[in-house]
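Participant: Quick one: sequence and predicted model below, then my questions.
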Amino acid sequence: MTSRLLTVIVLLSAAALPQCMDVTDGIEVDVAYQPAATTAAIRTDMGYAVRLERALIAVGKVELIRCDNYVADLWNLIVPARARAHELSTPTSLGVPLIIDLMESAGVPLFAGTLRPPPGRYCGIRVLGMPADQDTEGLTAETLDMMDHSVLISGRVEDESTGEETPLLARISEILECEMLFDRPLVFEGPVLESVSIQIDQRTWFDGIDFAPQDSVAVHQQITENVRSSLKAALSNWGADL
């Protein structure tokens, strides 16, 4: 059964290849990350104030998702997902790894690159957060520990009802795959310039966490899910202002 399914997938892939390689000059999609401006104290929905000292996220790949990507979806059912920090770029993906320091963000877009996809319909975008490698942009002596982490957070948490403070340290090492749908499909039939903003709202990373009774494992899991859900894709005109 598996071999028969593999044969079907290979045939479908071969049939789709010519269309995938048919790149029309002039189709461009500018991509930028736009973190929220980091405030001195992030107040959570559970009555805590989080004062961050470090907040870093490492992104390894950004990829447009075709609305009709059936071949890839079938392949993903039987092939385990794998990723490396330095992925190759393609017409529909950016493989330029980048460390984003959210403490330095003032809500200003950070340009990631330009995609030049073939004609088609694209319904969303996929972002892979993963540990950095030696070629990652933004890797310095101060961020070397991001070679072991996709997200690194440190700071202090204050219970605003009691005034009690506790240290906060969250290290996320696993690959974070985040898929986001656009509010409308991108339909490419001829030369066009689109801009996609990947919004990162680190102010929501600590929502739903009651730091006092929850153990460190539960806090880590909730922060991981909050990081995933904090990423949103928006079609915007920021590129016209750069």
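Facilitator: Good, I have the coordinates.
Participant: is it true that residue 42 touches residue 50?
Facilitator: Yes. With contact defined as CB atoms under 8 Å, residue 42 reaches residue 50; the gap is 4.4 Å. (Each C-beta comes from the backbone N, C-alpha and C, glycine too.)
Participant: which residues do the two both contact?
Facilitator: Shared contacts of residue 42 and residue 50, defined by CB atoms under 8 Å, 6 or more residues apart in numbering, are found at residue 206.
Participant: Which strands or helices does the biggest strand by length in the chain pack on?
Facilitator: Ranked by residue count and defined by DSSP state E, the top strand of the chain is strand 48-66. Here strand 48-66 touches strand 27-35, strand 42-43, strand 93-94, strand 98-101, strand 110-115, strand 120-129, strand 151-159, going by 3 or more CB pairs under 8 Å, 6 or more residues apart in numbering; DSSP states H and E.
Participant: Tell me which residue of the chain is furthest from the middle?
Facilitator: Most distant from the centre of the chain: residue 162, at 35.8 Å, with distances by CA atoms, centre = their mean.
Participant: and that one, which of the three is it?
Facilitator: In three-state terms, and counting by DSSP: H, G, I helix; E, B strand; the rest coil, residue 162 is coil.
Participant: Backbone dihedrals for it, please?
Facilitator: Per-residue torsions, residue 162: phi -120, psi -20 (degrees, to the nearest 10).
Participant: pLDDT below threshold where in the protein?
Facilitator: For the chain, the stretches with pLDDT under 70 are 1-24, 69-87, 106, 237-242.
Participant: Quick check: the closest residue to residue 96 other than its chain neighbours vs residue 217, distance?
Facilitator: Of all residues not flanking residue 96 in the chain, residue 113 sits nearest, at 5.7 Å (CB to CB, 6 or more residues apart in numbering). Residue 113 sits 36 Å away from residue 217, taking CB to CB, to the nearest Å as the criterion.
Participant: I'd like to know how many residues surround the residue nearest to residue 112 when sequence neighbours are not counted.
Facilitator: Nearest non-adjacent residue to residue 112, counting by CB to CB, 6+ apart: residue 31, 4.4 Å away. When neighbours are counted by other CB atoms under 10 Å, residue 31 registers 22.
Participant: Residue 31 pairs with what?
Facilitator: For residue 31, the beta-bridge partners are residue 113, residue 196 (DSSP bridges).
Participant: what about the residue farthest from the centre of the chain, distance to residue 137?
Facilitator: Here the distance between residue 162 and residue 137 works out to 42 Å (CB to CB).
Participant: Now do the same contact list for residue 123.
Facilitator: Shown in contact with residue 123 (CB under 8 Å, 6+ apart): 65, 66, 67, 181, 182, 185, 186.
Participant: quick check, nearest of those to residue 118?
Facilitator: Among those, residue 66 lies closest to residue 118 (CB to CB), at 9.4 Å.
Participant: Quick check: that closest one touching residue 122?
Facilitator: Yes. With contact defined as CB under 8 Å, residue 66 and residue 122 form a contacting pair (5.7 Å).
Participant: quick one: what helix or strand has residue 217 in it?
Facilitator: According to DSSP states H and E, residue 217 maps onto helix 216-230.
Participant: For the closest residue to residue 150 other than its chain neighbours, give me its contacts.
Facilitator: Distances taken as CB to CB, 6+ apart place residue 129 nearest to residue 150, at 4.2 Å, with adjacent residues excluded. Contacts for residue 129 were tallied using CB under 8 Å, 6+ apart; they are 57, 58, 59, 60, 150, 151, 172, 175, 176, 177, 178, 227.
Participant: got a list of what the residue nearest in space to the middle of the chain touches?
Facilitator: Centroid-nearest residue in the chain, with CA atoms, centre = their mean: residue 127, separated by 3.5 Å. Applying CB under 8 Å, 6+ apart to residue 127 gives the contacts 59, 61, 62, 63, 177, 178, 180, 198, 231.
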